[in-house]
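**Student:** Could you look at this predicted model? Sequence included:
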Amino acid sequence: MTEKVVVIYSGGMDSFTVLNRAQKDGKQVFALSFNYGQRHVKELQCASTVCNGLGINHKVIDISAINQLFAGSSLTDDIDIPEGHYEADSMKSTLVPNRNMILLSLAVAYAVSVGAEQVYYGAHSGDHAIYPDCRPEFVEKMNDVCKIANYESVEIFSPYLTVNKTAILADGIAMGLDYSNTWTCYNGRDKACGKCGACQERLEAFFENNITDPIPYE
């Protein structure tokens with residue numbers, strides 16, 4: 001029997017690679033996306049397009065009602081998205097309080113309900129400097145909790161936890177993936193801004209892999 005896994009799929013390039021990695025590894029994928037009131041909701045449109053094309057079971061869950069608890073993040077509040085490199089102190093404004101713990105908890109509940117043994121998510125080393133909920137120690141502790149939180153043990157799996165976005169993209173290129181249906185920019189406009197930390201890190205990854213990013217930029 002094919003092993004079932006739940007993939008937290010934002011619609012960005014990292015989770016897109018994770019999604020395809022899980023499928024190419026022979027897993028039966030259940031993709032789970034969340035609308036938590038993020039201004040870059042366009043990523044969810046990309047997620048739906050990709051899952052429809054791959055024939056993957058996909059749920060988009062609206063949890064935007066809890067946005068009123070996420071004060072102070074430029075991703076959910078009326079605060080300007082900072083520009084500049086991802087490691088700059090200003091990028092801390094993009095931290096959504098406790099986001100990954102909440103999303104992982106919901107994904108684990110879904111995994112239990114469909115009989116999946118793992119939850120995949122796309123934390124990577126490029127996030128470690130800014131986001132505490134993408135660091136190895138967080139993943140390790142969440143994994144410990146999720147193994148005992150239910151009668152069924154669920155593993156938290158981050159296949160790219162110790163590598164950066166450049167390496168993630170390299171793996172995607174090796175898999176022959178098309179990144180035109182992914183969205184990384186923190187702004188929710190028609191085209192990517194090219195200036196926010198997320199865009200800059202994405203553009204660096206494409207540059208370092210000697211290929212052109214297929215999405216349009218302002």
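**Tutor:** Arrived safely, thanks for sending. Numbers count the residues shown, from 1 in each chain.
**Student:** pLDDT on the longest helix anywhere in the chain, on average?
**Tutor:** If you go by DSSP state H, the chain has its longest helix at helix 99-114. Taken as a whole, helix 99-114 has a mean pLDDT of 94.
**Student:** Show me what that helix is packed against.
**Tutor:** strand 4-8, strand 28-35, strand 118-120, helix 136-146 (3 or more Cβ pairs under 8 Å, 6 or more residues apart in numbering; DSSP states H and E). No exception for glycine: its C-beta is placed from N, CA and C like everyone else's.
**Student:** out of the ones you listed, nearest to Pro214?
**Tutor:** strand 28-35 (21.1 Å; Cβ to Cβ).
**Student:** what residues does that closest one touch?
**Tutor:** Contacts with strand 28-35, where a contact means Cβ atoms under 8 Å, 6 or more residues apart in numbering, come from 2-11, 19, 22-23, 41, 44, 47-48, 51, 56-64, 103, 106-107, 110-111, 114, 116.
**Student:** Just want the angle from that strand to helix 99-114.
**Tutor:** Relative orientation of strand 28-35 versus helix 99-114 (axes from the mean of the first three to the mean of the last three Cα atoms, to 10 degrees): 140 degrees.
**Student:** between strand 28-35 and strand 4-8, how many degrees?
**Tutor:** Going by the same axes, to 10 degrees, strand 28-35 makes 20 degrees with strand 4-8.
**Student:** what does the helix or strand just after strand 28-35 rub up against?
**Tutor:** Once the chain leaves strand 28-35, the next helix or strand it forms, by DSSP states H and E, is helix 42-54. The list of residues contacting helix 42-54 from outside it, by Cβ under 8 Å, 6+ apart, reads 9-12, 16, 19-20, 23, 31, 33, 35, 56-58, 60, 181-184, 188.
**Student:** try 6 Å
**Tutor:** Tyr9, Ser10, Gly11, Gly12, Ala31, Ser33, His58, Val60, Asn181, Thr182, Trp183, Gly188 (Cβ atoms under 6 Å, 6 or more residues apart in numbering).
**Student:** Around the fourth one, how many other residues sit close by?
**Tutor:** Think Gly12. 22 (other Cβ atoms under 10 Å).
**Student:** now swap in the third one and tell me
**Tutor:** Per other Cβ under 10 Å, the neighbour tally for Gly11 reads 26.
**Student:** Before I go, just wanted to say thanks for your time.
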